[in-house]
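**Q** Using only what follows, build the 3D model:
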Amino acid sequence: MNKPVISYHILDVDDTYIKQDTVYAGTYTGDEALEVHVRIWNNYKGIEDVEDLYNFNLVLKFLTEEDNVLLKYIELMDETNHIQIPGTVEEDALVGIFFEPVKLSGSANTGSNEYRKNYIDIGISFKAGAGAYLKDHDLKSLILDIVEL
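**A** The predicted model follows:
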């Protein structure tokens, strides 16, 4: 059987998840958090079964190493189960560790919402503290990845 086939889908303004690799989250002003809602699929619209994805962590890091000091301002939510995902900053990444092992089914599917076992919804929120210094007009690139345990 083939390995898991992971894809990322971003919630757009029409409350529809769109498969894409990059998203512009907006401009951070300090007044409110920047939020991105991601649906992580295994085997999206797959016509044949692939391996299930068991027990993984989320890993977030900035493209530019100097920006990794901002990782402490990121919060992760498991929006499927409505719980916060604890995050630990380790070296140059924020590692989100689920309380319970997560399994994403690799079964064939049509990509519709009814295939709940094939995906998980994650919320990523950035809100810097009151004393944080951020440069004006400074573009940041945050990378989300999955690491199997």
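**Q** which intervals of this protein have sub-threshold pLDDT?
**A** Residue ranges of the chain with pLDDT under 70: 137.
**Q** how about 90 then?
**A** For the chain, the stretches with pLDDT under 90 are 1, 12-14, 20-34, 55, 63-70, 80-82, 90-92, 98-101, 127-142, 148-149.
**Q** for it, what spans make up the strands?
**A** Along the chain, counting by DSSP state E, strands occupy 6-11, 17-19, 34-42, 53-54, 56-62, 74-78, 83-85, 87-90, 93-96, 103-104, 119-126, 142-148.
**Q** Residue 68: which of those strands is closest?
**A** Across these, residue 68 has its closest neighbour in strand 56-62 (5.4 Å, CB to CB). Every residue, glycine included, has its C-beta placed from N, CA and C.
**Q** follow-up on the earlier one: and the strands of the chain, which is most packed in?
**A** Comparing the strands of the chain on average neighbours per residue, with mean count of other CB atoms under 10 Å, the densest one is strand 93-96 at a mean of 22.
**Q** and it, what other elements does it pack with?
**A** Taking 3 or more CB pairs under 8 Å, 6 or more residues apart in numbering; DSSP states H and E as the contact definition, the neighbouring helices and strands of strand 93-96 are strand 56-62, strand 74-78, strand 87-90.
**Q** Minimum distance to residue 42: which of those has it?
**A** Where the helices and strands packed on strand 93-96 are weighed against each other on CB to CB, the nearest is strand 56-62, at 10.1 Å.
**Q** name the helices or strands packed onto the closest one?
**A** strand 74-78, strand 93-96, strand 142-148.
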